[in-house]
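>>> attaching a predicted model along with its sequence, questions to come.
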Amino acid sequence: MTETYSYAVWRHATDAPHYDLFIRRESGVVHWIVPSNMPEEESDKRLAIEQALQQEFPEATPGGMYGDGYGEGKVELWHQGIYSAELSMKSKMVLSIEEGRMRGKYLMIVPAWGRWTEKRIWVIEKIANM
């Protein structure tokens, strides 16, 4: 049985503009900072820096301020919805998103070199359009 959970992506205008990806899992809400745009085309890959586990999605009002490891700045909701977890392990996930601007299948993995940093570095790859 495939489980479904919610996610949200914010565009975050700080001194170092980036995207914030929040994914609800059984253990809570996992937050990643994605320094460049989210992967939009098949085979696109992006780095994502894992942040602290949270219990709930943080509150974000359009144009509201939010602070994270990349600074404080205004946030804009870029996309939100529901994903299906086809595979969900500690260092590897396969997510299917069936609607909106992130429609597709994504592989999120911690490569060997990403495990030994202070904050785990993941690679997000769009592996299929849907």
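Structure received.

>>> adjacent strands (with direction) for the helix or strand of the chain with the lowest mean pLDDT?
Each helix and strand of the chain was given a mean pLDDT (mean pLDDT, DSSP states H and E); the minimum falls on strand 65-68 at a mean of 78. The sheet places strand 65-68 alongside strand 71-88 (antiparallel), with pairing taken from DSSP bridges.

>>> in the strand it pairs with, what counts as buried?
73-75, 78-79, 83, 85, 88 (16 or more other CB atoms under 10 Å). Quick note: C-beta positions are derived from backbone N, CA and C, even for glycine.

>>> do the same with stretch 46-53
For stretch 46-53, burial by neighbour count (16+ other CB under 10 Å) applies to 46, 48-51.

>>> next: stretch 114-130.
Buried residues in stretch 114-130, defined by neighbour count with 16+ other CB under 10 Å: 114, 120-122, 124-127.

>>> roughly how far out does that stretch sit from the chain middle?
Distance, stretch centre to chain centre, for stretch 114-130: 9 Å (CA atoms, centre = their mean, to the nearest Å).

>>> end to end on it, go ahead and measure it.
29 Å (CA to CA, to the nearest Å).

>>> can you list the neighbours in contact with that stretch?
Here stretch 114-130 makes contact (CB atoms under 8 Å, 6 or more residues apart in numbering) with 21, 32, 34, 38-51, 69, 91, 94, 96-98, 103-111, 113.

>>> and the helices in the protein, which stretches?
For the chain, helices defined by DSSP state H do not occur.

>>> show me where pLDDT drops low in this structure?
1-2, 60-62 (pLDDT under 70).

>>> give the contact list for the residue nearest the centre of the chain.
Residue closest to the mean C-alpha point of the chain, counted by CA atoms, centre = their mean, is L21 at 2.9 Å. Residues near L21 by CB under 8 Å, 6+ apart: 7-9, 31-34, 38, 48, 124.

>>> try it again at 7 Å.
Applying CB atoms under 7 Å, 6 or more residues apart in numbering, one finds that L21 lies in contact with 9, 32, 34, 48.

>>> ok so, going back, in CSV, list the buried residues of stretch 46-53 along with distance to E59.
Output for these, formatted as CSV (distance: CB to CB, whole Å):
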residue, distance to E59
R46, 25
A48, 22
I49, 22
E50, 21
Q51, 16
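
>>> cheers, nothing more for now.
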